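Participant: Predicted model and sequence below, questions to follow.
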Amino acid sequence: MAKRYEHTQVGYLMLVVLCIILAFMIFFMSFFGFNLIGFIALLVVVLVLWMFTKLTVEIDSEFLRIKFGAGIIRKKFPINEINSCREVKNRWYYGWGIRIIPHGILYNVSGLLAVEIEMKSGKKYRIGTDEPEKLVKAIQESIGT
């Protein structure tokens, strides 16, 4: 399938904060010696870095796909099931990651801007993006509105 849209947003703030935490953890482990709990925490931080610091959105003729990081966590929305979309601004406390919010489910790695898609079933999803205008245009072209 030919892609109509593809964009990856990097969560730079999350990336920097997690790298600083990782550096402190390595420093303390090298200074105080190996600690199993510290090592497990270190692995968790590395896992979060690998999985949640970027969000890729792709649209082809059949699906709107999103994937976090390396692609282990992903979701796809059939184009023919999308009813509408619009640009939205999330509240700061909705946070990053995958969240249940009053407007449905949010997928986000950075910032407050998102595109809300409403499915024909009535379910709503918000996809965080740093280029909401382009994503809305691509979705609207795909669904024929």
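Facilitator: Yes, it's here. Numbers count the residues shown, from 1 in each chain.
Participant: State the mean pLDDT of stretch 101-118.
Facilitator: On average, the pLDDT along stretch 101-118 is 96.
Participant: any idea how far it is from the chain center?
Facilitator: Computed by CA atoms, centre = their mean, to the nearest Å, the chain-centroid distance of stretch 101-118 equals 9 Å.
Participant: Could you tell me the end-to-end distance of it?
Facilitator: Between the opening and closing residues of stretch 101-118 lies a distance of 14 Å (CA to CA, to the nearest Å).
Participant: Show me what counts as buried in it.
Facilitator: Within stretch 101-118, the residues that qualify as buried are 101, 103-104, 106-111, 113-118, counting by 16 or more other CB atoms under 10 Å. Where C-beta positions appear, they are placed from N, C-alpha and C, glycine not excepted.
Participant: And for stretch 4-22?
Facilitator: Buried residues in stretch 4-22, counted by 16+ other CB under 10 Å: 5, 9, 11, 14, 15, 18, 22.
Participant: Can you tell me which member of those has the lowest pLDDT score?
Facilitator: By pLDDT, residue 14 ranks lowest within the buried residues of stretch 4-22, coming in at 88.
Participant: Assign that one to helix, strand or coil.
Facilitator: helix (DSSP: H, G, I helix; E, B strand; the rest coil).
Participant: List the contacts of stretch 75-88.
Facilitator: With contacts defined as CB atoms under 8 Å, 6 or more residues apart in numbering, stretch 75-88 is touched by 59, 61-67, 103, 107, 113-121, 125-126, 132-133, 135-136, 139-140, 142-143, 145.
Participant: Show the end-to-end separation of it, please.
Facilitator: Distance between the boundary residues of stretch 75-88 (CA to CA) amounts to 20 Å.
Participant: List the buried residues in it.
Facilitator: Buried residues in stretch 75-88 (16+ other CB under 10 Å): 77, 79, 82, 85, 88.
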